[in-house]
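> Got a predicted model here, sequence first, then my questions.
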Amino acid sequence: MSAVLCGVLAAAGCSTTESGKAQPSATTDQAAATAALWDPCSQIPDSTLTSLGLDVASKRSGILGAEEPGWKICAWSASAYPPGYGLTVYTTIHTVDEVRQKSTNIEFKDVTVAGRQGIQFRQSHHDADEDCSLVFQTTSGFAQLDMLNTGVKERKTPPCERLQPMAAAIVPLFPK
């Protein structure tokens with residue numbers, strides 16, 4: 001999960017000054033904006049997660065337990081699959097354009113999930129059968145679902161195929 005998020009985080013949050021040094025963007029109070037984000041750890045019902053084959057007891061918030069400014073992150077392992085196959089849901093104050101601009105995000109495809117327009121992509125540092133991400137614009141930035149399948153040697157179900165029914169159940173919960 002941390003490799004996935006690090007790729008997204010690296011594309012966001014800095015601007016340059018006239019002297020050329022990177023400075024945090026100061027257009028809003030980042031702490032207040034982060035606090036106001038929709039929180040997948042508390043807003044996705046356990047019953048939904050269980051119905052999708054996710055182990056609610058495996059819930060992890062943040063990156064290795066650390067919260068990231070500008071992000072709300074939650075991950076679960078799939079109970080019917082070995083470790084390494086799981087779902088991460090993010091919300092952020094960053095933009096979908098930043099996702100598109102990240103050079104390691106590839107194979108973009110427009111999708112519609114639960115009546116909502118989004119973008120599907122994967123990260124170039126993962127094989128095609130290891131990673132699938134879906135991103136949806138929100139008023140505060142974007143919401144993302146990521147299916148990571150790095151620990152399963154025999155990948156019978158492609159991650160995007162496995163992610164679709166999960167997304168159909170979770171996307172309607174995302175803020176507009």
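Structure's in. What do you need?

> can you map out the helices along the protein?
2-9, 30-36, 40-43, 46-51, 96-101, 159-170 (DSSP state H).

> CSV for those, including mean neighbour count?
The C-beta positions use only the backbone N, C-alpha and C, and glycine is treated the same way. CSV is the format used below for the helices of the chain (neighbours: other CB atoms under 10 Å):
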stretch, mean neighbour count
helix 2-9, 19
helix 30-36, 13
helix 40-43, 16
helix 46-51, 14
helix 96-101, 15
helix 159-170, 20
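
> which one of the ones you listed has the lowest average pLDDT?
Ranked by mean pLDDT, the helices of the chain bottom out at helix 2-9, which scores a mean of 40.

> By mean pLDDT, point me to the weakest helix or strand of the protein.
strand 14-16 (a mean of 35; mean pLDDT, DSSP states H and E).

> And the helices of the chain: which comes nearest residue 74?
Taking CB to CB, helix 40-43 is the member of these nearest to residue 74, at 3.9 Å.

> contacting residues around the closest one?
Contacts to helix 40-43, defined as CB atoms under 8 Å, 6 or more residues apart in numbering, come from residues 59, 61, 72, 73, 74, 89, 90, 91, 173.

> Just the buried ones out of those, please.
59, 72, 73, 74, 89, 90, 91 (16 or more other CB atoms under 10 Å).

> Quick check: which ranges of this structure have low pLDDT?
Residues of the chain meeting the criterion pLDDT under 70: 1-28, 80-84, 151-155.

> one more time with 90
Scanning the chain for pLDDT under 90 picks out 1-30, 53, 62-68, 77-86, 126-130, 148-159, 161-162, 176.
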